[in-house]
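Peer 1: Turn this into a model:
(2 chains)
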Amino acid sequence: MDFSYKRKDHRIHRISPIAKLVWVLGVALMALFVSNPLYLGVLLFCSFFIAVMSKVTKSWAAYMRFALFLSAILIILNIVLSPHGETVLLDSGIELPLFGPLRMTAEALIFGAVMSLRIMLLLSVFSLLNFTTHPDDLLASLVKLKLPYKSVFLTSLASRFSQLLHSDAKAIKEAQMSRGLELEKGSRLKRLRAHIPVFIPLLSNSLERSLTVAEAMEARAFGRKGRTFFKDCPTTLPQVVLSFVPLLMFIFIALSGLGVLQFYPQVGHISLDSAEALTLSLIAGGTLALFLKPDGKDDRC
Amino acid sequence: MDKIIEIKGLSFSYDGYDKHSLAGVDLAVDKGDFVLLSGASGSGKTTLLRCINGMVPHFYGGKISGSARVCGMDVLSTPTKELAAKVGFVFQDPEDQLVTGDVERELAFGLENMGVHPGEMGQRISAVAGQVGISHLRNRPTSALSGGEKQKLAIASVLILEPEILILDEPFSQVDHMDAQDIATLLADLNRAGMTIIVSEHRDDLLVRHTHRRVFMSHGSISSPPMDQPPLELERPIAGLHPVIKVAGITFAYGARPILEDFDFQLFPNEFVALMGPNGSGKTTLAKHLNGLLKPQAGSVQVCGLDTRDASVAELSRYVGYMPQNPNELLFEDTVLEEVLFYPHNLGIADVDADKILASFGLLHYKDRYPRALSGGERQRLAMASIVSGSPRVLVLDEPTRGLDHGRRIELVKALDAYRRNGSAVLIITHDPHLAALADRVVEMGYDLDELEKDEAE
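Peer 2: Below is the predicted model:
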């Protein structure tokens, strides 16, 4: 599965990474607090809409399929391990040691389903951040927030070279297999020991490479004082203001208790009256605001 | 006239080594010179180059004596990051130089380090990309580039700092013939525009016509040019009748497009065959089919009568010895001797005259040394020795002469010529047309005859 940044020349990809980070934080907090499936559903739909707008729908969908798989596991776990709830659907009569009676209740089923919705929402917004933000831009933003440059740069170097490590490992495996090294047969311990001729060159090559890379960086004047940045993702005031909206909505929701649902012993009442509909629309609007803002002349990344 | 580089009586030994890597070097270079530095591996070429931008002594430590002035600055007291404004250094392996994930950011990296104003950067990036011929790659991630494109990117990312001197340490090492030609032409253009260039390269045929000066090194000091060796004459044995390797109608694709399509190939006993072609033409893909690392998606590969789909790589390694491009992928033992014995031990072969094999590759005196203490060219020879020791019927070698100087190249060819008798066979993949010319026959890959005919008709 590919979790990497999808290169697209689109205004959403050009929104300041800091703004997106703050936005994600706000939506994530809302996701964790709110338990009414209507609210969660609206937020999830918003993230889907954003995915379509930023043209990363396919990658997002692939990620969501993985999330659905997790959800299925979560629902099953809840059904099996949670005996609470009034509406019993199936009772096996067995008593499990820690968990109590093994019985399936409708409440547990619903609870599991809603929690899955929450997980999907969380995965959705974080994946959006991932797919629409270049990791180097994100790191550059962190440097602007006064994190030390060398440490931040080390992280981006590490991510670049971890890919190389993977291809190196494959090449070394092939080279050693061609010398008669048997990697597939034998007991687990034997196979582990057989991998020593793969680990050692991998380690040595990485160490040697790190020396050469350091040399190359020195030779390109790395470490001089007064470093500048080419891709400066400016964080404009409109972006900052809009990025804080989800966070503010979260605070409001937390204080007012909106969107919280009871599940046990009986599921609480969900209504979609006009007041609720208005609230949901406002939430949708506030969540999408940052991404609906048209490109300003200062937005470049 | 003031020399741009003035080195007098320079001696240097690396930390922990008594032996001098440089022993009293005197070198003066004029502004605008194009110098080609040659010499056997271990002769001190790379160390000398490292002195010009100060990595020796500042990055490597060690003991240094003598004097070195570059662009009027004293190397011994000026750190590399200051010298970087005047001296650009391009390394052998582009993978070791590229630190960002994108072409554009890579070009910007040096400018950012130097504190150039961001507004100026865009224009300088466009200019350099155009100069080196990589403008069309500007928005790509570096992982999507070929070896030659990566090396061009590495050169561009050094050029963007507008140095007065450009140093290149074996720049053609990871690059095919066409890309090497492009780079040689680029260097010639830069030199004509006034840049001082110093290149150390074994594949010197492309550079000789552009250089003003050839400097030879031997045992740490400047020496006189080696004597011309007579051209190699090989006595070719008669090839056997039944192929040791039979590739019949194989098709293989990594992704959507097949690299090999309905491909046929045969290798006969006593043959010495060269496989050539541009990057991406399927040479390594074919080589990996010969010992079972890759299984064909259609067609079959028979090795000494065995179908590769019915055997594991370890089993096939009894018949086919495969040497990858990068010797560092093999080296893991504590001593050179153990490294050479690894292959025969895996095959259960007991009586191996390791000393004889090491001696034939000029490595006997390194018998108890740690393999990674050897230089690049020496590691290449060790990798070879480690494959030859298994006495497989077929040797498949990917770029065996990489990093070897002329003398060692000839020795290698002689060794391969001796190996391929008595029913054995040798297949080499090479970019070097001179090496290919010594083979019995050359197989060219990557040219679609139908496409060529279509182009001619248009």
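
Peer 1: Leaving out chain neighbours, which residue sits closest to the residue of the stretch 151-300 of chain A at minimum distance from chain B?
Peer 2: Proximity to chain B, evaluated over the stretch 151-300 of chain A using CB to the nearest CB, is greatest for residue A:180 at 3.1 Å. Every residue, glycine included, has its C-beta placed from N, CA and C. Take residue A:180 and drop its neighbours on the chain: the residue closest to it by CB to CB, 6 or more residues apart in numbering or on different chains is residue B:346, 3.1 Å away.

Peer 1: The one you found falls within a helix, correct?
Peer 2: Yes - with DSSP: H, G, I helix; E, B strand; the rest coil as the criterion, residue B:346 is part of a helix.

Peer 1: Spit out the contact partners of residue B:301.
Peer 2: Residue B:301 sits next to B:245, B:246, B:247, B:248, B:250, B:289, B:290, B:292, B:307, B:308, B:309 when contact means CB atoms under 8 Å, 6 or more residues apart in numbering or on different chains.

Peer 1: Just the buried residues of those.
Peer 2: Buried members of the contacts of residue B:301, counted by 16 or more other CB atoms under 10 Å in any protein chain shown: B:245, B:246, B:247, B:250, B:289, B:290, B:292, B:308.

Peer 1: can you pull the contacts of the fifth one?
Peer 2: The reference is to residue B:289. By CB under 8 Å, 6+ apart, the contact set of residue B:289 is B:247, B:250, B:252, B:260, B:295, B:296, B:301, B:308.

Peer 1: Same list (those) but as TSV, adding pLDDT and secondary structure.
Peer 2: Formatted as TSV, the contacts of residue B:289 follow (pLDDT from 0 to 100; DSSP: H, G, I helix; E, B strand; the rest coil):
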residue	pLDDT	secondary structure
B:247	93	strand
B:250	92	strand
B:252	92	strand
B:260	90	strand
B:295	93	coil
B:296	93	coil
B:301	95	strand
B:308	92	helix
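
Peer 1: farthest pair in the residues you listed?
Peer 2: Using CB to CB, the two most remote members of the contacts of residue B:289 are B:260 and B:308, lying 13.9 Å apart.

Peer 1: overlap in contacts of the two?
Peer 2: Listed as contacting both residue B:260 and residue B:308 by CB under 8 Å, 6+ apart are B:289, B:296.

Peer 1: Show me where the chain dips below the pLDDT cut-off.
Peer 2: Assuming you mean chain A. Along chain A, the parts satisfying pLDDT under 70 run over A:1-9, A:232-233, A:295-301.

Peer 1: My question was about chain B, not that one.
Peer 2: Chain B contains residues with pLDDT under 70 at B:1, B:447-458.

Peer 1: For chain A, what's the nearest residue on it?
Peer 2: Going by CB to the nearest CB, chain A is nearest to residue B:346 of chain B, at 3.1 Å.

Peer 1: what about residue B:368, how many residues close to it?
Peer 2: By other CB atoms under 10 Å in any protein chain shown, 10 other residues sit near residue B:368.

Peer 1: what about the residue sitting nearest the centre point of chain B, distance to residue B:151?
Peer 2: Ranked by distance to the mean C-alpha position of chain B (CA atoms, centre = their mean), the top residue is residue B:173 at 2.8 Å. Going from residue B:173 to residue B:151 by CB to CB, to the nearest Å gives 9 Å.

Peer 1: Sweet, I'm off.
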